[in-house]
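Asks: coords below, sequence missing:
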């Protein structure tokens, strides 16, 4: 106890605490500045023309891009989440602890998480668009995004599963439940808030992605009739408007809508995580 009190009164501890507070306040200030800048620049340009059903050079409507963003996000998650969670279940529950295969998979996923998105875009263009002859399409973009977010979902889901106490598994086995039943009825529900957090992070990456989608999904401002046609997302729409330099005000307005979409997704995920946590308790 005396040692603990001495550490608390040590000048280094006070300096470290002050540094942590300073870093936290600095991060908050940067976030407030960025959000405030986007809102001030873009809110006043949220006109009805910007939400027209079709895009043209006069209204530069963001509705096609918004629809494409939702479509690509849902389609990518429908593929990536089952694959990622299944891989995490294998690594956490079935794979032999400390085996070379597990180490190799973890090293690979961590390496893939750090690769720049432009590399994924070039791979998607060469493989999906050229080799498979799918051209610039929503399908090519979605599958490229799936490859991008899989490492993130695998790692976060695995950490969530490993965080579940072994006593949960032992209690389930003691009641006569099998391995598979224990995973689906006990382990996965307990780990669901952590898994959901990973899915939210992956969703944010999908919504904000530009480089990979320019090379695979294209930049055509339309609502495609099928996944084999090209289309742009909100982030690509904002990028194209800003690079053209003719509709900068609309680009800021698009950034506001993109910010609202991200905040809404985080809010919904927070509510779901809260309900799952209460249900578990």
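Replies: The structure has been received and is ready for your questions. Quick caveat, the model's predicted, so the values are computed rather than measured.

Asks: so who does the residue nearest the centre of the chain touch?
Replies: Nearest residue to the geometric centre of the chain (C-alpha atoms, centre = their mean): residue 202, 1.8 Å. Under the criterion of C-beta atoms under 8 Å, 6 or more residues apart in numbering, the neighbours of residue 202 are 77, 80, 149, 152-153. To be clear about C-beta, it is placed using only N, CA and C from the backbone, and glycine gets the same treatment.

Asks: need phi/psi at the closest residue to residue 64 other than its chain neighbours.
Replies: Nearest residue to residue 64 in three dimensions, chain neighbours excluded: residue 223, at 4.7 Å (C-beta to C-beta, 6 or more residues apart in numbering). Torsion angles at residue 223 (phi, psi; degrees, to the nearest 10) stand at phi -90, psi 110.

Asks: can you check the one 3 residues further on too?
Replies: The phi and psi torsions at residue 226 (degrees, to the nearest 10) take the values phi -150, psi 170.

Asks: who are the contact partners of the spatially closest residue to residue 116 that is not a sequence neighbour?
Replies: Using C-beta to C-beta, 6+ apart and skipping the chain neighbours, the partner closest in space to residue 116 is residue 211 (7.6 Å). By C-beta under 8 Å, 6+ apart, residue 211 lies in contact with 116-118, 121.

Asks: just those now: which is nearest residue 87?
Replies: Nearest to residue 87, judged by C-beta to C-beta, of the contacts of residue 211 is residue 117 at 21.0 Å.

Asks: from residue 138, how far off is the residue nearest to residue 64?
Replies: 10 Å (C-beta to C-beta, to the nearest Å).

Asks: mutual contacts of these two, please.
Replies: Common neighbours of residue 223 and residue 138 are listed as 68, 231 (criterion: C-beta under 8 Å, 6+ apart).

Asks: ok, the two, which is more surrounded?
Replies: Just comparing residue 223 and residue 138: by other C-beta atoms under 10 Å the higher neighbour count belongs to residue 138, 25 against 17.

Asks: wait, the residue nearest to residue 64 touches residue 70, no?
Replies: No: taking contacts as C-beta atoms under 8 Å, residue 223 lies outside contact range of residue 70: 10.7 Å.

Asks: gap between the strand or helix carrying residue 202 and the chain center?
Replies: The secondary structure element spanning residue 202 is helix 188-208 (assigned by DSSP states H and E). Centroid separation between helix 188-208 and its chain, computed with C-alpha atoms, centre = their mean, to the nearest Å, is 7 Å.

Asks: past that helix, which element shows up next along the chain?
Replies: Defined by DSSP H and E, the subsequent element after helix 188-208 is helix 211-216.

Asks: how much does the next helix or strand after that next one deviate in direction from helix 188-208?
Replies: Going down the chain from helix 211-216, the next helix or strand is helix 234-244, by DSSP H and E. Counting by axes from the mean of the first three to the mean of the last three C-alpha atoms, to 10 degrees, helix 234-244 lies at 20 degrees to helix 188-208.
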